[in-house]
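Undergrad: Here you go, sequence then predicted model.
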Amino acid sequence: MSTAFTASVTGPAIPRWWDELAYHFMHLDTVVSLALIVASGVILAWLILAVSRTLCGRSDNIVTLPPVRAQGLRAFVSDTLVLTRRNLLLSRRTPQLVVAAAIMPVMFVLLFRYVFGGSIHVAGYASYVDYLIPGIIVQTALFGGSSSAVSVAEDLTKGVTDRLRSLPTHRGAILTARTLADLVRLTYTVALMILIGLLVGFRFHNDLPSILAGIGIALFFGYACSWLFALLGLVVRNVEAATLAAFVVTFPLVFAASTFTSTDTMPDWLRTFADAQPVTSVIDALRALTEGTGSAEQPMLHALAWSAGILVVAATLALRRFREV
Amino acid sequence: MTASDPIIMVEGVEKSFGSTRALAGVDLAVERGTVLGLLGRNGAGKTTLVRILATLLVPDSGRVRVAGADVVRKAQVVRSLIGFAGQSSAVDETLTGRENLQLVGRLYGLRRSQARARADETLERLSLTEAADRLVRTYSGGMRRRLDLGASLVGHPIVLLMDEPTTGLDPRTRVELWTFIEELVRQGTTVLLTTQYLEEADRLADRIAVIERGRVIAAGTPDELKQHIGGDVLEVRATSSGDVERLVGLLDGLGSGAPVADLRGQRVTLPTSERVQTLLAVARRIEECGIAVDDLGVRRPSLDDVFLNLTRQVATEPPAVGPLASSSEERLTRTHTPSQGVAR
């Protein structure tokens, strides 16, 4: 770990004592972050179990009739995998959608790196691009999650949802597969953003476990949000309205946050909102973990609490709504 | 359950969406291996009933059972027994026909190899084998509809639910689909389909239930329903469309039901149980009033007449009863316009 750390030390601008302090902080944070990741894994597993229990009544066989499909965790897992594959196959066969989803964040990177970046200075960051890219990653995760709204609405209007719900498919698997496929897609776009970030001068300044923990937190947040957007899609039920609604929800969250600049310069009312909302927590956690700036513990706890909260509430409401759509 | 019990039982089902009452107490029974046609206008409640049967909606009250299994409490059992084909073709455009069917097979819990075999068998049955590996995007409307029906057959359902299966299809494809459904029924599948096409119900259905404003207002075999109208139908075609309303007034009370106007066809139809008497009485009255008519005749009722008559009765009062006059003549035609009427 210490070799990874020394390898990532860059400019002479950062004094030695600060490095050591950061190292100790990060060392502690890695343990805490691993614990938190395990904890969120437990929450996720519990959620999946709860979903599979509530959504499938135990089935009784009627003697004279064809066998009734056994339900339970096995059906849930199998159906989730089959449907996730279908969802991914559909997006792989319409690559223009995947490309379109990547264009926006790429333009943001270029815009803020080369157009506005020169005049934005954030205290503690020698290079603005190191501040920018973590923000872009979380923005991408949120935008990626918002595509769930559109795909849920699309399946509803096409009648695909009706077909799936009339089959002996595990009902919890249908939305879970939707959000998992979107998670895979947003992982791709996040990876692409990191690559582009590296091309325009972004560098990680921390050890690998911390970096991975930070990216994991961003993806977990994106995944939680995709349940929120799935719920939105179930409510508005129409592709155009879902696109618009997703935009209306994501826009203030992304821009009234520490995405592109520090919240310090914002007017009080806006700063209060920006500091309190989840996107800022997630970005701060990611920045602290990838750049080694300041303590990561506090923003990490906030980010994970927000994500787990959004996940549990949105998934419960979405699955309830899904019983009758 | 025993083999003689109805395979679909609907008892006192009610369903409201907000303040809209979609179903106001529906009772139905469908025997095994038969076809029930649900006939009704848009918004009558047909789709709501089919969606309840397909476990997509939960009724507010009443009981619905498929093969003895309650659609609410034993939803998973019901889902293993039914095939559902909704109004739109719910197939994925960017998957091939085979991939679509395999997906459905897998969701029935079949193994990969079983699902593949089932998909091949279904493609064969629907003569889609040649197009199996093409993307659905390249299919014609009729092929898509067939594939959609195929998707509802992958699980070998004992009950097939179809919501307006032939809406939007060209006449030839429609007839092909009818033949296919008849074949399924011969093999023992029970079918419940909704339709707005009376011709479709007449051809396919063993029994018809007419739904209006969330209630079953009539049920029976197509022939029974035609009898219900009071035997035959008298039809008058006015020379001028302005006379249609006047004719309705004149004919009121002469037949066994209320006269029904068809303004576009400049026609008035009147149900009658005493064909000759009614015909003469109508002829006399038309002559007295001096209205010019192109055609006047008595024919066997079509389901259109039944439907129009039934839905009219719901809208207004119960029909007036009783023929008035009698004579020996059966048919009067002033001009040589061929009538669609058939003299017995």
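TA: Everything's here; your move.
Undergrad: Would you confirm that B:L23 belongs to a strand?
TA: Yes - according to DSSP: H, G, I helix; E, B strand; the rest coil, B:L23 belongs to a strand.
Undergrad: Settle this for me: it is touching B:R213, isn't it.
TA: No - using Cβ atoms under 8 Å, B:L23 and B:R213 do not qualify as a contacting pair, with a distance of 9.5 Å. C-beta here means a position set from N, CA and C on the backbone, and glycine is covered the same way.
Undergrad: Can you pick out the residue with more neighbours from these two?
TA: The residue with more neighbours, out of B:L23 and B:R213 and counting by other Cβ atoms under 10 Å in any protein chain shown, is B:L23; that gives 27 against 17.
Undergrad: which bits of the stretch 201-344 of chain B sit near chain A?
TA: For the stretch 201-344 of chain B, no residues are found near chain A under the criterion Cβ under 8 Å from any Cβ of the partner chain.
Undergrad: Quickly note the distance from the residue of the stretch 201-344 of chain B found nearest chain A to A:R69.
TA: Of the residues in the stretch 201-344 of chain B, the one nearest chain A is B:G214, at a distance of 17.8 Å by Cβ to the nearest Cβ. With distances taken as Cβ to Cβ, to the nearest Å, B:G214 is found 33 Å from A:R69.
Undergrad: what comes into contact with stretch A:111-128?
TA: With Cβ atoms under 8 Å, 6 or more residues apart in numbering or on different chains as the test, stretch A:111-128 has contacts from A:11, A:13-14, A:129, A:131-132, A:136, A:200-201, A:260-262, A:264, A:291, A:293-294.
Undergrad: From B:L57, how far off is B:S80?
TA: With the distance defined as Cβ to Cβ, B:S80 ends up 19 Å from B:L57.
Undergrad: which of those two has more neighbours?
TA: Under the criterion of other Cβ under 10 Å, the comparison of B:S80 against B:L57 puts B:S80 first, with 26 against 22.
Undergrad: residues contacting that one?
TA: By Cβ under 8 Å, 6+ apart, the residues touching B:S80 are A:66-69, A:168, B:108, B:155.
Undergrad: Can you name the residues that contact the residue nearest to B:V154 when sequence neighbours are not counted?
TA: Computed as Cβ to Cβ, 6 or more residues apart in numbering or on different chains, the closest residue to B:V154 that is not its neighbour in sequence is B:V104, at 4.6 Å. For B:V104, the contact set (Cβ under 8 Å, 6+ apart) comprises A:163, A:167, B:151, B:154-155.
Undergrad: any chance you could map the helices in chain A?
TA: Using DSSP state H, the helices assigned to chain A run over residues A:2-8, A:16-55, A:73-93, A:95-110, A:128-158, A:160-166, A:171-199, A:208-236, A:239-255, A:268-276, A:278-291, A:297-322.
Undergrad: just to revisit the earlier point, closest one to B:L49 out of the contacts of B:V104, please.
TA: The shortest separation between B:L49 and any of these is 18.0 Å, and it belongs to A:R163 (by Cβ to Cβ).
Undergrad: Just the endpoints, please. Distance across stretch B:93-113?
TA: With Cα to Cα, to the nearest Å as the measure, the ends of stretch B:93-113 fall 23 Å from one another.
Undergrad: List the buried residues in it.
TA: Taking 16 or more other Cβ atoms under 10 Å in any protein chain shown as the neighbour-count basis, stretch B:93-113 is seen to contain the buried residues B:93, B:95-110.
Undergrad: just to revisit the earlier point, quick check: the farthest pair among the contacts of stretch A:111-128?
TA: Using Cβ to Cβ, the contacts of stretch A:111-128 span at most 24.7 Å, a distance reached by A:V200 and A:D264.
Undergrad: who's more crowded, those two?
TA: Shown here are A:V200 and A:D264; by other Cβ under 10 Å, A:V200 has more neighbours (15 against 11).
Undergrad: So that one is in contact with A:I136, correct?
TA: No - contact criterion Cβ under 8 Å: A:V200 and A:I136 do not qualify, at 10.3 Å.
Undergrad: Between those two, which contacts overlap?
TA: Between them, A:V200 and A:I136 share the neighbouring residues A:V109, with contact defined by Cβ under 8 Å, 6+ apart.
Undergrad: tell me which residues in stretch B:298-311 are buried?
TA: Judged by neighbour count (16+ other Cβ under 10 Å), stretch B:298-311 contains these buried residues: B:298-299, B:301-303, B:305-311.
Undergrad: correction: stretch A:192-200
TA: By neighbour count on 16+ other Cβ under 10 Å, the buried set for stretch A:192-200 is A:192-194, A:196-197.
Undergrad: quick check, nearest of those residues to chain B?
TA: Checking the buried residues of stretch A:192-200 against chain B with Cβ to the nearest Cβ, the nearest one is A:L192 at 22.2 Å.
Undergrad: Can you tell me the element B:V64 falls in?
TA: B:V64 is part of strand B:61-66 when elements are defined by DSSP states H and E.
Undergrad: Could I get the pLDDT score of the residue of chain B positioned farthest from its centre?
TA: If you look at how far each residue of chain B sits from its centre, by Cα atoms, centre = their mean, the farthest one is B:E288, at 40.3 Å. Among the per-residue scores, B:E288 shows a pLDDT of 88.
Undergrad: Flag the shaky bits of the chain, pLDDT-wise.
TA: You didn't pick a chain, so chain A it is. Counting by pLDDT under 70, the low-confidence segments of chain A come to A:1-15, A:17-18, A:20-33, A:53-66.
Undergrad: please go with chain B instead
TA: Of all residues in chain B, those with pLDDT under 70 make up the ranges B:1-3, B:229-230, B:313-344.
Undergrad: Could I get the full set of strands for it?
TA: Read by DSSP state E, chain B holds these strands, from start to end of the chain: B:8-17, B:20-30, B:35-39, B:61-66, B:69-70, B:82-85, B:159-163, B:190-195, B:207-212, B:215-220, B:232-238, B:260-262, B:267-272, B:293-299.
Undergrad: now these as CSV including distance to A:N238?
TA: As requested, the strands of chain B are arranged in CSV below (distance: least, Cβ to Cβ, whole Å):
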stretch, distance to A:N238
strand B:8-17, 17
strand B:20-30, 19
strand B:35-39, 27
strand B:61-66, 29
strand B:69-70, 33
strand B:82-85, 22
strand B:159-163, 20
strand B:190-195, 24
strand B:207-212, 27
strand B:215-220, 31
strand B:232-238, 44
strand B:260-262, 37
strand B:267-272, 41
strand B:293-299, 47
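Undergrad: just to revisit the earlier point, for the contacts of B:S80, which PyMOL command selects only the ones that are buried?
TA: Here the buried members of those are turned into a PyMOL selection, burial being counted by 16+ other Cβ under 10 Å:
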select buried, (chain A and resi 68+69+168) or (chain B and resi 108+155)
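Undergrad: just to revisit the earlier point, any chance you could list residues touching both of B:L23 and B:R213?
TA: Between them, B:L23 and B:R213 share the contacting residues B:G45, judged by Cβ under 8 Å, 6+ apart.
Undergrad: Get me the contact residues on the stretch 1-150 of chain B for chain A.
TA: Near chain A, when you scan the stretch 1-150 of chain B using Cβ under 8 Å from any Cβ, you find B:1, B:3, B:51, B:54-58, B:67-69, B:73-77, B:79-82, B:84, B:86-90, B:92, B:94-95, B:99, B:103-104, B:106-109, B:135.
Undergrad: Select only the buried ones of those residues in PyMOL?
TA: Only the buried members of these enter the following PyMOL selection, criterion being 16+ other Cβ under 10 Å:
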select buried, chain B and resi 1+51+54+55+56+57+67+68+69+74+75+76+77+79+80+81+82+84+86+87+88+89+90+92+95+99+103+104+106+107+108+109+135
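Undergrad: which residues of the stretch 51-200 of chain B fall in helices?
TA: B:75-81, B:97-107, B:112-125, B:141-153, B:171-186, B:198-204 (DSSP state H, counting those that start in this stretch).
Undergrad: For B:I82, give the beta-bridge partners.
TA: The residues listed as beta-bridge partners of B:I82 by DSSP bridges are B:V159.
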